[in-house]
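*Asks:* coords below, sequence missing:
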C-alpha cells in the first residue's frame, strides 16, 4: 500500500506564506508525478499544481506567480510554497501521487490521495 501524509497547513493572514509538504511511502517503485489539489467550502476539488518526475510543472491560473511546486524524488516528497495568500485560497489542500507503480505484492499502477490539510487565510 501507498500512504501520502501532508503537513504544513494552518491559519495565516492575507499576504502571508505557507509551505505544504507531502511524503509518499510504501512499496513504491516509481511515481510519474506529484501534485496538489484543493477544495474550498462548497466547491469542487480543483488542481493547484503538479510536477512530473523530470521536473515539468503545471499550475492553475489562480496561483501562477504566487505558488511554487517542487519535489525531492529520492524522498518521494512534494512541496508547495504559497506566497501572497488570499482569503480565496482557503481550502483543504490534498496531495496526489499520479501513476504510482508498486511491485509488491503485485505489479500495479494507481493514483493515490492524501487525507488533506486545512489552509485558512484570514482577511
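*Replies:* Looks like it came in fine. What you see is a predicted model; the values in this text were computed from it and never measured.

*Asks:* residues contacting residue 63?
*Replies:* Shown in contact with residue 63 (C-beta atoms under 8 Å, 6 or more residues apart in numbering): 48, 49, 82, 89. Just so you know, the C-beta spots here come from the backbone N, C-alpha and C atoms, and that holds for glycine as well.

*Asks:* what residues does the first one make contact with?
*Replies:* Residues near residue 48 by C-beta under 8 Å, 6+ apart: 35, 36, 37, 38, 59, 60, 63, 67, 69, 80, 93.

*Asks:* and which of the residues you listed is nearest to residue 104?
*Replies:* residue 35 (24.5 Å; C-beta to C-beta).

*Asks:* part of a helix, is residue 104?
*Replies:* No: per DSSP: H, G, I helix; E, B strand; the rest coil, residue 104 lies outside any helix segment and is coil.

*Asks:* before we move on, back to that, restricted to strands, list the contacts of residue 63.
*Replies:* 48, 49, 82 (DSSP state E).

*Asks:* between these, which is closest to residue 20?
*Replies:* residue 82 (7.1 Å).

*Asks:* quick check, central residue of this structure?
*Replies:* Centroid-nearest residue in the chain: residue 36, 2.7 Å away (criterion: C-alpha atoms, centre = their mean).

*Asks:* what about that one, which SS state?
*Replies:* Per three-state DSSP, residue 36 ends up strand.

*Asks:* that one contacts residue 78, correct?
*Replies:* Yes: here residue 36 reaches residue 78: they are 7.3 Å apart, a contact under C-beta atoms under 8 Å.

*Asks:* now do the shared contacts for these two.
*Replies:* 22, 69, 95.

*Asks:* bridged to the spatially closest residue to the last one that is not a sequence neighbour, which residues?
*Replies:* Same thing as residue 95. Spatially, and ignoring its direct neighbours in sequence, residue 95 is nearest to residue 22 (3.4 Å; C-beta to C-beta, 6 or more residues apart in numbering). When assigned by DSSP bridges, residue 22 has beta-bridge partners residue 6, residue 78.

*Asks:* next, count neighbours for residue 22.
*Replies:* Residue 22 has 25 neighbouring residues, counting by other C-beta atoms under 10 Å.
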